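Visitor: Sequence first, then the predicted structure, then my questions.
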Amino acid sequence: MPEQIAGPGTGLDSKGVAHKAAVIRQALNLHLHQIATPLDALRRLGGFEIAALAGSYLACAQIGLPALVDGFIATGAALAAVRLNPAIAPWLLYSHASAEPGHRAMLAELQAQPLLNLGMRLGEGSGAAVTVPLLRLACALHNNMATFADAGVQEKIS
């Protein structure tokens with residue numbers, strides 16, 4: 001499985017990708033038998049940034065605030081958060097589909113459809129930077145669209 005999800009990131013060659021897959025396999029071998037819950041997986045395989053993101057997604061959903069999930073690491077945090085509380089899934093918006101193979105696997109697991117597919121793999125929030133204006137435009141269009149009555153359109157076609 002690590003060989004199917006490890007990708008080149010921002011520029012690894014095949015040797016670097018193989019090393020990344022080996023590190024993932026070592027981590028899984030070390031921790032797999034101690035992972036019974038999503039919180040165990042987050043605690044044993046995630047970093048502080050992933051735990052913080054997962055917590056922020058949970059908190060955003062609790063207060064009814066949609067959260068924009070951008071890229072591989074953020075999607076890993078979203079997967080952990082959704083596994084901890086599946087009810088938060090509708091509050092998460094996915095900015096883009098990363099070119100990383102592991103990202104596609106996580107999106108499939110989440111049954112999530114990203115808003116954009118630009119083949120990005122930069123890891124610096126560039127997907128969100130492109131997506132935010134798109135979301136603002138969509139909200140403006142929705143909020144300012146004329147109703148059928150305003151536009152003089154009959155609701156039933158005869």
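Guide: Cool, the structure landed.
Visitor: where along this protein do the strands fall?
Guide: 67-69, 92-94 (DSSP state E).
Visitor: Between the ones you listed, which one is closest to Val130.
Guide: Proximity to Val130, assessed across these by CB to CB, is greatest for strand 67-69 (10.9 Å). C-betas here are computed from N, CA, C, even on glycine.
Visitor: Show me what the closest one is packed up against.
Guide: helix 48-62, helix 71-84, strand 92-94, helix 126-144 (3 or more CB pairs under 8 Å, 6 or more residues apart in numbering; DSSP states H and E).
Visitor: hmm, try it at 6 Å
Guide: Packing partners of strand 67-69 (3 or more CB pairs under 6 Å, 6 or more residues apart in numbering; DSSP states H and E): strand 92-94.
Visitor: Give me the buried stretch members for the strand it packs on, please.
Guide: Buried residues in strand 92-94, counted by 16 or more other CB atoms under 10 Å: 92-94.
Visitor: thinking again about what came up before, just send the strands of the chain back as JSON lines, with mean pLDDT and distance to Leu118 too.
Guide: Shown next, in JSON lines, are the strands of the chain (pLDDT from 0 to 100; distance: least, CB to CB, whole Å):
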{"stretch": "strand 67-69", "mean pLDDT": "95", "distance to Leu118": "15"}
{"stretch": "strand 92-94", "mean pLDDT": "96", "distance to Leu118": "13"}
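Visitor: got the ones you listed as CSV, with distance to Arg136 columns?
Guide: Shown next, in CSV, are the strands of the chain (distance: least, CB to CB, whole Å):
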stretch, distance to Arg136
strand 67-69, 12
strand 92-94, 13
